[in-house]
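Asker: coords please:
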Amino acid sequence: MNQSVLDISTIGLLMALVLVLPVLVILYVWRLQAGKALYAVFRMVAQLLLVGYVLIFLFEQESAWVVGLVIFVMITASSWIALNTLESHRRQLFFNALISISVAGLFSLVLVSQGILQLEPWYEPRYVIPIAGMIFANAMNTVSIAVERLYSELKRDANYQEAKKIAFQASMIPVTNSLFAVGLVSLPGMMTGQILSGVEPLVAVRYQIVVMCMIFGSAGIASAIFLVMSKKIFQIANVN
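Answerer: Below you'll find the predicted structure:
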């Protein structure tokens, strides 16, 4: 297969931004925080451009300490961002989010990097950093949905056990839907990227199966741990 990857010019990159314009117009006309969406788009572009240069630096270092620091930042940031949907009790729940995402994420990362891929050295940045990013990002999203739904159910005067089950089920909907859709509705980003870079489709499929399993597992474990740990905080706060 062709091993080359088509480059994207600056003009091509700017053309991609045209895709967001209709949505921004709709948000503005309907008065639905168009400014926030515009800020999010520009922040996304800036962050990705910055992370591109950072990754070049990290891949050249090949240092266990540097990779460990990156993982620590990922865990801390994802734990805080996961609680963005909360109007209150964010600081009290941060430790729970940190523990749940750390336990689920690190377990998945170690199993994939050392058990499945058997990386040498274990901190190989070209593998560990992208894999860690996928794991912690999905765990973050799942915890975020779980806490938002839990808070909503408790506000409706549901008891904690029932609210916990509803919140867990809701948090797993996006991940579960992605399992149903993969290969039929969508070709996931990692698989698409590998195919575009010239990797044999069946090799890319094997990687994607591992990715889907690690995302499902880490997301579910993180959500469950967070919901179990948070019971006392919500009871003390008397949310319901």
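
Asker: for the longest helix along the chain, packing partners?
Answerer: Taking residue count as the measure and DSSP state H as the definition, the longest helix of the chain comes out as helix 125-155. Counting contacts by 3 or more C-beta pairs under 8 Å, 6 or more residues apart in numbering; DSSP states H and E, helix 125-155 is packed against helix 34-61, helix 64-81, helix 90-110, helix 160-171, helix 173-181, helix 201-229. Just so you know, the C-beta spots here come from the backbone N, C-alpha and C atoms, and that holds for glycine as well.

Asker: mind checking pLDDT for the one residue sitting closest to the centre of the chain?
Answerer: To find the centre residue of the chain, average its C-alpha atoms and take the closest one (C-alpha atoms, centre = their mean): that gives residue 137, at 1.6 Å. Taken from the predicted model, the pLDDT recorded for residue 137 is 94.

Asker: which residues touch it?
Answerer: residue 78 (C-beta atoms under 8 Å, 6 or more residues apart in numbering).

Asker: swap in 10 Å and give it another go.
Answerer: With C-beta atoms under 10 Å, 6 or more residues apart in numbering as the criterion, the residues that contact residue 137 are 74, 77-78, 81, 105, 215, 218-219.

Asker: repeat that for residue 235.
Answerer: With contact taken as C-beta under 10 Å, 6+ apart, residue 235 is in contact with 154, 160.

Asker: in the helix or strand harbouring it, which residues are buried?
Answerer: Residue 235 is located in helix 231-237, with elements delineated by DSSP states H and E. For helix 231-237, a neighbour-count test (16 or more other C-beta atoms under 10 Å) marks residue 234 as buried.

Asker: skipping its backbone neighbours, what lies nearest residue 226 in space?
Answerer: residue 100 (3.9 Å; C-beta to C-beta, 6 or more residues apart in numbering).

Asker: could you tell me how many residues sit around the one you found?
Answerer: Here the number of neighbours of residue 100 (other C-beta atoms under 10 Å) works out to 26.

Asker: do residue 29 as well
Answerer: Look at residue 29: counted by other C-beta under 10 Å, it has 9 neighbours.

Asker: and the gap between it and residue 173?
Answerer: Counting by C-beta to C-beta, to the nearest Å, the gap between residue 29 and residue 173 amounts to 30 Å.

Asker: returning to that earlier point: closest one to residue 117 among the helices and strands packed on helix 125-155?
Answerer: Using C-beta to C-beta as the criterion, the shortest distance between residue 117 and the helices and strands packed on helix 125-155 is 8.2 Å, found for helix 201-229.

Asker: how near is the residue nearest to residue 226 to residue 193?
Answerer: 29 Å.

Asker: likewise residue 56?
Answerer: To residue 193, residue 56 is 17 Å away according to C-beta to C-beta.

Asker: break the protein down into its domains, please.
Answerer: 1-61, 64-237 (automatic domain parsing).

Asker: ok now the longest one, how far from the chain's centre?
Answerer: On the basis of C-alpha atoms, centre = their mean, to the nearest Å, the separation between the geometric centre of domain 64-237 and that of its chain is 6 Å.

Asker: could you do the first one as well?
Answerer: Distance of domain 1-61 from its chain centroid, counting by C-alpha atoms, centre = their mean, is 17 Å.

Asker: and stretch 62-80, by the same measure?
Answerer: Distance of stretch 62-80 from its chain centroid, counting by C-alpha atoms, centre = their mean, is 14 Å.

Asker: for that stretch, the averaged confidence score.
Answerer: Mean predicted lDDT for stretch 62-80 stands at 92.

Asker: how about that stretch: buried residues?
Answerer: If you call a residue buried by 16+ other C-beta under 10 Å, then stretch 62-80 has these buried ones: 67, 70-71, 74-76, 78-79.
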